[in-house]
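In: The following block contains a protein sequence and its predicted model.
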Amino acid sequence: MTESTASAPQLGLLETLLALLASEGSAMSQAMLLAGLPSTESDLSPELALRATRRLGFDSTLRSVDPRKSAEITKI
């Protein structure tokens, strides 16, 4: 782990998804994003994130990514 990744704040999937939606011009509240989804005590699961984004009209898929290579991921 590099020093920059070691000190980087770790965002949960819900926070990351809200930030991504805002950057794409689809800013919304957490309540709006989670409306109609099964409630969860913990962070948003990948499956629920997929459901939420598809419901919003995004073409979403899940991919496995090696965290050591996450810096290589580019916007498609």
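Out: Ah, there it is.
In: tell me the phi and psi of the residue positioned nearest the centre of the chain?
Out: Ranked by distance to the mean C-alpha position of the chain (CA atoms, centre = their mean), the top residue is residue 17 at 3.2 Å. Main-chain torsions, residue 17, degrees, to the nearest 10: phi -60, psi -40.
In: wouldn't residue 33 be in contact with residue 19 here?
Out: No: with contact defined as CB atoms under 8 Å, residue 33 does not count as touching residue 19 (11.5 Å). To be clear about C-beta, it is placed using only N, CA and C from the backbone, and glycine gets the same treatment.
In: what residues are up against the residue nearest to the centre of the chain?
Out: Residue 17 is in contact with 33, 44, 49, 52-53, counting by CB atoms under 8 Å, 6 or more residues apart in numbering.
In: at 7 Å what do you get?
Out: Counting by CB atoms under 7 Å, 6 or more residues apart in numbering, residue 17 touches 33, 44, 49.
In: in which helix or strand would I find the last one?
Out: Using DSSP states H and E, the element containing residue 49 is helix 46-55.
In: Summarise which helices and strands that helix is packed against.
Out: For helix 46-55, the packing partners by 3 or more CB pairs under 7 Å, 6 or more residues apart in numbering; DSSP states H and E come out as helix 13-23.
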